[in-house]
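Undergrad: Model the structure of this input:
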Amino acid sequence: ASNGMNVYGDPYGDSRGVSYFGRVNYDYNETYMLTAIIRADGTSTFAPGHRWGYFPSFSAGWVVSNEKFMQGVQDWMDYFKIRASWGQNGNKNLLNGSNFAYQATFEYGTRYNYSFDNNKDGYTVGAAPSRLANDELTWETSEQTDLGFDARFFRQRLNVNFDWYYKKTKDLLVQVPVAATSGFSNQWKNAGTVRNTGVELALDWQDKIGGDFSYGVNYNVAFNSNKVTEVNSQRKYMEGGNDLLAQGAGIIARFEEGHPIGYFYGYKTAGPIQNDADLQAYIAENCNGDAANSLQGKGLKAGDLKFQDVNGDGKINSEDKTELGDPNPNVTMGLTLSAAYRGFDFAVTGYAALGQQVARSYRKFTDGEQENYTSEVYSYWNGEGTSDKYPLLARMNEGVNWQAMSDIYIEDAGYFRLQNLTLGYDFKHLWKACPFQQLRLYFAAQNLFTITDYKGMDPENGMALNGSEPWVTGVDVGNYPQPRTFMFGVNVKF
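TA: Next comes the predicted model:
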C-alpha cells in the first residue's frame, strides 16, 4: 500500500508554434492594386503529418475615381474604389489549451485509487484514460469572399463603406458524441462546416458650421445569416449544454445541418392549462384523447404546461422537440454622435443587437429548497387566468413542467445600449498662457442605459459558459451584468 503518492507528467503544458508568410503587392498609378499573401502555420498541437496549414489570400482594388471618364463627377464625388478579396485563415484555439490533443491522456486522482485483498486501510494509486486519441486532428479553416466599395463625397464630408461577405468555416474543431462502449462521451474531431453571409454598411458625416462648431455622425449596420451546412457524424447533429441551464434540464442546444449554430432545442408550449375544459381540449388535440400520452402522464392537471405535439403523432415525447430560438443576432448596429465648440467636446456612442434569443434561468433545480427566487415567482400559475406562460410552483421546481427544456426559458434579447457618453472642456481655450498642449477636464459615463424587453439582468450574453462547447452561447444563469460607470478625469499633453 502507498499513501500520498504524487504523479506528474511533463511536458504536458508545453507547445511550439511557428509561422511564415510572404506577400506580393502591385500598385499601378494608385489606381489598380493587387495583393497576394501566402501564410504557413505549424503547431505541435496536432500529430505529425497534420501540423502544418497553408492559408493563401488575394485582394484587388480599382480606384474608379482616378479614371478620366469620372472627371465629370469630381465636384461631388471625391473618391470611389471597388475592391474584392478572398482568403483563408487557420484556427486551433478552440481546443482550449489541449496542447497534445491528438494523443490519449491518463488522469491520476483519489477517485482512481484501488484496494487489494479487502485491505480498506491502504490503497494503490490508480489511473484511468481521460481523453480519446485522434491523430487526424488538423487546422480549422475559415474561408471568406468579400466584395465592397469605399466612397467619399462632398469634399470628404460623407464617407460610405459597403461590404458583402460570404464566410465558410470548415473542419470545425468540436467535440462529437462517441459510442458508450468506448468509455467516453465525446471526442475532439474536425466535424463541421458553418456558413455566414451578410452585408455591412458604414456611413460617416463630418462637417463644420462657421469657424467654431464642428459635428459628426457615424452609423454602421450589419446583417448576418448563420447556418450549419455540414456535420461529420453519424447523426448529422451534435447536442450540447447538458444541464447548463439548470440541473435536470438536459441538453439545451444543437449543432445541426440546416439550422443556425447552437440553436436552442426543446419543447414548444402553449401556456399552462387553465381549467378542466382547457385540460380536456388539450388532451383531445395533442394527446390522442389520453392524458397518458402527455409529457406529465395520467396526473396531468390544471397548472401544468401544454407541451405541443409538434410531429402530430398524438404523443408528447422527445420526438416533439424542435427549434426554440437562435442566440445569434440577425442585425447589429452602432451610432456615434460628436460635436465640438470653442474648447467643449461631446460624444455619445450606442450599440444595438437585434433578432437573437437568450435561454435564462436563475434557479437551481432539484438540489435544495433554500435557494432564493426572483420576483418572477409571482408570475407562476396559481389559479385560472393568473399566468399565460409559467406553470404552477413545484417543490424544488421538480417535474417535467420545469425540468424539460422548453420555450418558457427562451426570451427575445434584442437591445439598444448607450455605451459611452463623454463631455469635456480644454482649458487652454480659456487660459491662453497655458504651458500645456492640452489641459482637458472631462466627465464620462459608460453603460448609461439599455432599452430591451429582456427580463434578465443583461441581454448581452454571447459568451460560451463551457469552454469545451464554444458553440453553445446565449445562456444566462445569473451572469454578472455590466456595471454602470461614472468617471471624472484630466488629460494633459506636454
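Undergrad: If you count neighbours, what's buried in the longest helix along the chain?
TA: With secondary structure taken from DSSP state H, the chain has its longest helix at helix 276-286. The neighbour-count check on helix 276-286 (16 or more other C-beta atoms under 10 Å) flags 278-279, 282-283, 286 as buried. Just so you know, the C-beta spots here come from the backbone N, C-alpha and C atoms, and that holds for glycine as well.
Undergrad: do the same with stretch 182-190
TA: 184, 186-190.
Undergrad: do stretch 209-226 as well
TA: Buried residues in stretch 209-226, counted by 16+ other C-beta under 10 Å: 218, 220, 222-224, 226.
Undergrad: picking up where we left off before, out of the buried residues of stretch 182-190, the closest to Asp290 would be?
TA: Comparing the buried residues of stretch 182-190 against Asp290 with C-beta to C-beta picks out Asn186 as the nearest, at 37.8 Å.
Undergrad: can you give me how far the lowest-mean-pLDDT helix or strand in the chain is from the chain middle?
TA: Lowest by mean pLDDT, DSSP states H and E among the helices and strands of the chain is strand 105-108, with a mean of 79. Here strand 105-108 is found 32 Å from its chain centre; the criterion is C-alpha atoms, centre = their mean, to the nearest Å.
Undergrad: Helices of the protein, start to end?
TA: With DSSP H as the criterion, the chain has helices spanning 276-286, 400-403.
Undergrad: Figure out which of those helices is closest to Trp205.
TA: Among these, the nearest to Trp205 by C-beta to C-beta is helix 400-403 (51.9 Å).
Undergrad: That closest one: how far from the chain's middle?
TA: On the basis of C-alpha atoms, centre = their mean, helix 400-403 sits 26 Å off its chain's mean C-alpha point.
Undergrad: And stretch 108-124, by the same measure?
TA: 44 Å.
Undergrad: quick one: strands adjacent to the least confident helix or strand of the chain?
TA: Applying DSSP bridges, strand 105-108 is found paired with strand 127-131 (antiparallel).
Undergrad: can you list contacts of the partner strand?
TA: 7, 98, 103-108, 112, 183-184, 188 (C-beta atoms under 8 Å, 6 or more residues apart in numbering).
Undergrad: 6 Å instead, please
TA: Residues from elsewhere that reach strand 127-131 (C-beta atoms under 6 Å, 6 or more residues apart in numbering): 104-108, 112.
Undergrad: so where's the protein uncertain?
TA: Within the chain, the stretches with pLDDT under 70 are 1-13, 94-98, 364-369.
Undergrad: Could you pull out the strands in the stretch 351-494 of the chain for me?
TA: For the stretch 351-494 of the chain, the strands defined by DSSP state E, counting those that start in this stretch occupy 357-360, 410-412, 415-426, 438-452, 475-476, 485-493.
Undergrad: What residues sit buried inside stretch 224-241?
TA: For stretch 224-241, a neighbour-count test (16+ other C-beta under 10 Å) marks 224, 226-228, 231, 237-241 as buried.
Undergrad: quick one on the thing from earlier: list just the nearest of the buried residues of stretch 209-226 to Gly248.
TA: Gly248 has its nearest neighbour among those in Asn226, at 29.5 Å by C-beta to C-beta.
Undergrad: Can you give me every residue that contacts that closest one?
TA: 196, 260-261, 328 are the contacts of Asn226 under C-beta under 6 Å, 6+ apart.
Undergrad: Quick check: the gap between it and Cys434.
TA: In this view, Asn226 and Cys434 are 53 Å apart by C-beta to C-beta, to the nearest Å.
Undergrad: rewinding a little: could I get the helices of the chain as JSON lines with distance to Ile209?
TA: Output for those, formatted as JSON lines (distance: least, C-beta to C-beta, whole Å):
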{"stretch": "helix 276-286", "distance to Ile209": "64"}
{"stretch": "helix 400-403", "distance to Ile209": "60"}
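Undergrad: of these, which approaches Val477 most closely?
TA: Comparing the helices of the chain against Val477 with C-beta to C-beta, the closest turns out to be helix 400-403 (14.6 Å).
Undergrad: picking that back up, of the contacts of strand 127-131, grab the buried ones for ChimeraX.
TA: This is the ChimeraX syntax for the buried subset of those, where burial follows 16+ other C-beta under 10 Å:
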select :108
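Undergrad: And the contacts of strand 127-131, which two are furthest apart?
TA: Pairwise distances across these peak at 15.5 Å for Ala104 and Tyr112 (criterion: C-beta to C-beta).
Undergrad: Return the member of the contacts of Asn226 nearest to Asp14.
TA: Taking C-beta to C-beta as the measure, Asp14 sits nearest to Ile261 out of those, at 32.3 Å.
Undergrad: returning to what we had before: out of the buried residues of helix 276-286, which comes closest to Met396?
TA: Met396 has its nearest neighbour among the buried residues of helix 276-286 in Leu279, at 24.7 Å by C-beta to C-beta.
Undergrad: ok now do the closest one, which residues does it touch?
TA: Taking C-beta under 6 Å, 6+ apart, we find Leu279 in contact with Ile273.
Undergrad: Please apply the same query to Glu256.
TA: Tyr237.
Undergrad: any idea how far it lies from Met487?
TA: Note on Glu256: its distance to Met487, by C-beta to C-beta, is 45 Å.
Undergrad: you'd agree Ala347 is up against Ser338?
TA: Yes: applying C-beta atoms under 6 Å as the test, Ala347 and Ser338 come out as touching, 4.3 Å apart.
Undergrad: just to revisit the earlier point, turn the buried residues of stretch 209-226 into TSV, columns for distance to Glu30.
TA: Shown next, in TSV, are these (distance: C-beta to C-beta, whole Å):
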residue	distance to Glu30
Asn218	26
Asn220	27
Ala222	29
Phe223	32
Asn224	33
Asn226	38
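Undergrad: In strands only, show me the residues you listed.
TA: With strands taken from DSSP state E, the overlap with these comprises 218, 220, 222-224, 226.
Undergrad: I figured Pro56 was touching Ala36, is that so?
TA: No: contact criterion C-beta under 6 Å: Pro56 and Ala36 do not qualify, at 7.4 Å.
Undergrad: Relative to Gln175, which of the buried residues of stretch 182-190 is nearest.
TA: Lowest distance from Gln175 to those (C-beta to C-beta) belongs to Asn186, with 4.1 Å.
Undergrad: give me every residue that touches the closest one.
TA: Asn186 makes contacts with 175, 177, as judged by C-beta under 6 Å, 6+ apart.
Undergrad: so how far is Gly240 from it?
TA: Asn186 is 10 Å from Gly240, by C-beta to C-beta.
Undergrad: Ok, Ser379 next?
TA: For Ser379, the distance to Gly240 equals 29 Å [C-beta to C-beta].
Undergrad: and what of Ala339?
TA: Ala339 is 47 Å from Gly240, where distance means C-beta to C-beta.
Undergrad: For Phe494, the count of nearby residues, please.
TA: Neighbour count of Phe494, defined by other C-beta atoms under 10 Å: 6.
Undergrad: brain fart, Asp117
TA: Asp117 has 5 neighbours, counted by other C-beta under 10 Å.
Undergrad: Give the closest residue to Asn293 in space, chain neighbours not counted.
TA: Using C-beta to C-beta, 6 or more residues apart in numbering and skipping the chain neighbours, the partner closest in space to Asn293 is Cys287 (4.0 Å).
Undergrad: now Asn224
TA: Once flanking residues are discounted, Asn224 sits nearest to Gly198: 3.9 Å by C-beta to C-beta, 6+ apart.
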